[in-house]
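Novice: Prediction below, plus the sequence it came from.
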Amino acid sequence: RPSKGGADMSPVRPGGVDSAYETSDLVTPPPEKTRLDLILQSLSRITSPTVLADLHSPQRRAAEWIADDDLRPLPDGMPVPHDDYPRLYQRYSLAVLYMSSDGPKWNERLNFLSDSHECDWNDGVWNDELGDYESKGAFCDPSMTVFDLVLYDNGLKGTLAREVGSLHALRGFSVFMNELGGTIPSSVGNLRLMVRFDLGRNLFWSMMPNECMNMIHVEEFMLDGNDLTGTIPQELPSSFPNLRHLGLGANTLGGSLPPNLGNLRRLKKLELGSNRIEGRIPSSIGSLRSLTVLDLSDNRLTGEIPPEAFDLELASTVDLSGNALRGTIPLRDEGGSLPSMKYLRLFGNGLRGSIPSAIGTLGDAREILLDDNNLRGRIPESIGDLASVRVLGLSRNDLTGPIPVNLARCAEAEVILLGENGLTGTIPPVLFNPREGPADLAVLSLEENRLTGPIPRGIWRAKSLRMLGLHSNGLEGTIPARVGELKTLEVVELGNNKLEGQVPWSLDEMENLEWLSLQRNSLVGSLGHLCDAGRPGRNIKHLSADSAGSDPDVIVRAAPSNAPAGGTTAAAKAAAAATGEGRRRRATLTGP
């Protein structure tokens with residue numbers, strides 16, 4: 001109120017010249033704003049005041065940390081100066097990220113929420129490469145602005161705070177292999193300078209935000225190993241002109257592949273496997289001349305493999321397995337297809353026709369898997385030109401004819417899978433000649449064919465062999481006594497053949513043996529010693545044989561000609577149930 005003279009406009013205070021006025025009539029000055037009030041007022045520019053008012057939100061806790069524990073000086077009686085907003089936002093956004101992802105339980109704290117500058121919230125080993133997986137933490141450019149944030153495999157749990165989108169200078173962001181969940185905030189679209197964006201192997205769900213398409217400079221965009229739904233944005237190829245690595249595999253994305261995928265001329269890795277993508281593979285994929293990895297496996301793709309997909313000169317991996325593709329394998333007979341190929345996986349489709357003789361032009365390939373298709377005809381002799389192949393899978397097709405002798409020229413082969421076809425003739429002994437065949441063969445699968453003749457004696461000298469599948473053929477002869485010398489063998493399947501003679505006692509010397517199948521032969525002898533679980537090193541988990549008698553020692557006998565191929569008789573069940581003194585492992589008995 002004014003004084004009697006009307007000139008003094010200052011508030012009247014009790015005890016002054018106007019002490020006759022009641023104290024209750026005086027104007028009370030507004031309370032002075034606290035440090036927290038000033039900070040909340042400034043942060044309301046990037047975080048909703050409603051969220052900041054929630055005392056339990058990560059945003060409020062981060063603001064209180066800055067106000068109460070960080071003790072960064074602020075000017076008295078005024079909000080944070082405008083030119084200091086970026087520093088406050090940067091520190092606050094990193095603090096919110098820490099609070100929202102259970103920071104106290106991170107594998108490494110990385111100096112987060114320490115008194116040091118946020119540019120020192122790291123392990124101190126950044127080596128000038130965005131997203132380097134030997135560095136962790138927040139890293140700054142010379143202007144003290146965070147431009148790389150690397151928190152891979154660091155025990156982050158919770159959600160990804162939308163305030164990450166306030167770190168506008170970020171060019172690298174990796175939270176790969178953590179347990180972050182919920183939705184990806186649309187605010188990541190504010191990271192327009194982003195070059196490397198990696199949220200792979202977390203627990204994110206829902207759809208990919210359309211705002212991601214604002215990252216026009218991105219070169220590596222990886223969201224694989226989450227539970228994302230929706231479709232691949234059709235505008236992605238035009239939105240990401242600099243893209244080099246697209247990783248969206250292991251989600252539940254549907255829809256079709258963008259028809260203009262070929263516009264991604266700089267793309268080196270296209271990894272979209274393990275989704276629900278439908279439709280055809282666009283022929284424009286042949287325009288990806290820089291592509292080294294093409295993974296479209298385990299989707300719902302249909303139609304034929306476009307020939308353009310096999311014109312990718314730099315491709316070292318092509319994985320189209322686990323789809324519903326039809327047609328033939330588009331390898332050109334004159335060669336020139338996939339000259340850089342290392343891993344070709346086409347298994348689990350409905351491919352027809354024969355195996356092209358041009359398969360032999362893939363001389364540098366280490367893995368060729370054509371299993372589980374409808375391929376017919378003979379295995380081409382050119383298969384022997386695969387001098388570097390380590391894994392060759394042709395099983396579960398309709399292949400006929402003999403096993404090519406040239407297969408022995410695959411000197412580096414470790415796994416050969418030819419089972420469940422219609423192959424005839426004998427097993428080439430040269431496969432097991434240490435001077436001509438593969439020296440490190442570990443897995444040989446020839447089961448369920450029409451092979452005849454004796455088992456080559458060289459098999460029993462293959463010192464690297466771990467799994468031998470020969471069951472359900474017409475193989476003849478005996479099992480040699482020296483079989484026990486194969487100390488590495490874990491699985492031996494010889495059932496459903498025409499083998500005869502004595503079961504060698506040397507089987508007892510195969511200390512790694514876990515699975516033995518002998519049923520439906522004409523073998524005699526005892527296998528009881530193999531069931532002795534009390535013996536050190538005994539590891540038998542499955543034993544199938546034609547047995548006689550009630551003794552659990554399992555007496556093997558010749559199978560009658562009308563014996564069923566499988567099943568377990570009541571007598572066999574009774575024998576298996578007998579435990580003796582409790583020292584013997586029960587055998588799984590099949591056959592009569």
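Specialist: Everything's here; your move. All values reported here derive from a predicted model rather than from experimental measurement. Numbers count the residues shown, from 1 in each chain.
Novice: now the helices for this structure?
Specialist: 35-43, 49-53, 58-64, 85-100, 236-239, 570-577 (DSSP state H).
Novice: quick one: the second one to chain centroid distance?
Specialist: By that I understand helix 49-53. 39 Å (C-alpha atoms, centre = their mean, to the nearest Å).
Novice: And that helix, what does it pack against?
Specialist: Contact analysis of helix 49-53 by 3 or more C-beta pairs under 8 Å, 6 or more residues apart in numbering; DSSP states H and E lists helix 35-43, helix 58-64 as its packing neighbours. All C-beta spots, glycine's among them, are computed from the backbone N, C-alpha and C.
Novice: ok, now the fifth one?
Specialist: Contact partners of helix 236-239 among helices and strands, from 3+ C-beta pairs under 8 Å, 6+ apart: none.
Novice: Now do stretch 309-319, average pLDDT.
Specialist: Averaging pLDDT along stretch 309-319 yields 95.
Novice: likewise stretch 519-526?
Specialist: On average, the pLDDT along stretch 519-526 is 89.
Novice: got the CA positions of it in PDB?
Specialist: The C-alpha trace of stretch 519-526 is given here as PDB (Å, rounded to 0.1, in the frame of the first residue of the first chain):
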ATOM      1  CA  GLN A 519      18.900-103.200 -34.500                       C
ATOM      2  CA  ARG A 520      17.600-105.000 -37.600                       C
ATOM      3  CA  ASN A 521      20.800-106.800 -38.500                       C
ATOM      4  CA  SER A 522      22.000-110.400 -38.000                       C
ATOM      5  CA  LEU A 523      24.500-109.600 -35.200                       C
ATOM      6  CA  VAL A 524      25.100-111.800 -32.200                       C
ATOM      7  CA  GLY A 525      26.900-111.200 -28.900                       C
ATOM      8  CA  SER A 526      26.400-109.300 -25.700                       C
END
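Novice: coming back round to it: comparing the helices of the chain, which yields the minimum mean pLDDT?
Specialist: Looking at those, the bottom one is helix 570-577 with a mean of 30.
Novice: ok so, going back, TSV for the helices of the chain, including distance to residue 252 and mean neighbour count?
Specialist: Putting the helices of the chain into TSV (distance: least, C-beta to C-beta, whole Å; neighbours: other C-beta atoms under 10 Å) gives the following:
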stretch	distance to residue 252	mean neighbour count
helix 35-43	36	19
helix 49-53	30	13
helix 58-64	28	22
helix 85-100	25	22
helix 236-239	18	18
helix 570-577	44	14
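Novice: okay if I get those helices as TSV plus distance to residue 315?
Specialist: As requested, the helices of the chain are arranged in TSV below (distance: least, C-beta to C-beta, whole Å):
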stretch	distance to residue 315
helix 35-43	49
helix 49-53	48
helix 58-64	44
helix 85-100	38
helix 236-239	18
helix 570-577	52
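Novice: Leaving out sequence neighbours, find the closest residue to residue 485.
Specialist: residue 460 (7.0 Å; C-beta to C-beta, 6 or more residues apart in numbering).
Novice: So that neighbour is in contact with residue 481, correct?
Specialist: No - the pair residue 460 / residue 481 is not scored as a contact, 9.3 Å apart, by C-beta atoms under 8 Å.
Novice: With neighbour numbers in mind, choose between these two.
Specialist: Taking other C-beta atoms under 10 Å, residue 460 and residue 481 do not tie; residue 460 has more neighbours (20 against 13).
Novice: could you list every residue that touches that one?
Specialist: Residues near residue 460 by C-beta atoms under 8 Å, 6 or more residues apart in numbering: 480, 482, 483, 485, 486.
Novice: and with 7 Å instead?
Specialist: Neighbouring residues of residue 460 by C-beta atoms under 7 Å, 6 or more residues apart in numbering: 480, 482, 483, 486.
Novice: what's around the last one, how many residues?
Specialist: Residue crowding around residue 486 was assessed by other C-beta under 10 Å; the count is 24.
Novice: Next, it: phi, psi?
Specialist: Here is the backbone geometry of residue 486 (degrees, to the nearest 10): phi -80, psi 80.
Novice: Do a quick rundown of the strands in the stretch 351-500 of the chain.
Specialist: 367-369, 376-378, 391-393, 398-402, 415-417, 422-425, 443-445, 450-454, 467-469, 474-477, 491-493, 498-502 (DSSP state E, counting those that start in this stretch).
Novice: just the strands in the stretch 51-200 of the chain please.
Specialist: Under DSSP E, counting those that start in this stretch, the stretch 51-200 of the chain gives strands at 137-140, 146-150, 157-159, 172-174, 179-182, 196-198.
Novice: what mean pLDDT would you report for the fifth one?
Specialist: pLDDT averaged over strand 179-182 equals 97, rounded to a whole number.
Novice: What residues sit buried inside it?
Specialist: For strand 179-182, burial by neighbour count (16 or more other C-beta atoms under 10 Å) applies to residue 180.
Novice: quick one on the thing from earlier: only whichever of the contacts of residue 460 are buried, select them in PyMOL.
Specialist: Typed into PyMOL, the next command selects the buried ones out of the contacts of residue 460 (criterion: 16+ other C-beta under 10 Å):
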select buried, resi 480+483+486
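Novice: Looking at the contacts of residue 460, which is nearest residue 341?
Specialist: Nearest to residue 341, judged by C-beta to C-beta, of those is residue 486 at 33.6 Å.
Novice: show me what contacts that closest one?
Specialist: 460, 465, 510.
Novice: Go ahead and confirm residue 399 touches residue 419.
Specialist: No - the criterion here is C-beta atoms under 7 Å, and residue 399 misses it with residue 419 at 10.5 Å.
Novice: tell me the contacts of the residue nearest to residue 349 when sequence neighbours are not counted?
Specialist: The shortest distance from residue 349 to any non-neighbouring residue, by C-beta to C-beta, 6+ apart, is to residue 325 (4.2 Å). Residues in contact with residue 325, defined by C-beta under 7 Å, 6+ apart, are 301, 302, 303, 304, 305, 349, 350, 351.
Novice: Low-confidence ranges, the chain, go.
Specialist: Scanning the chain for pLDDT under 70 picks out 1-32, 71-84, 126-133, 335-336, 531-538, 547-592.
Novice: now do 80
Specialist: Counting by pLDDT under 80, the ranges of the chain that qualify are 1-33, 71-85, 125-134, 333-336, 434, 527-539, 546-592.
Novice: where's residue 66 relative to residue 511, distance?
Specialist: To residue 511, residue 66 is 64 Å away according to C-beta to C-beta, to the nearest Å.
Novice: One more: residue 100?
Specialist: Distance of residue 100 to residue 511, computed by C-beta to C-beta: 53 Å.
Novice: again with residue 409
Specialist: Distance, residue 409 to residue 511, by C-beta to C-beta: 33 Å.
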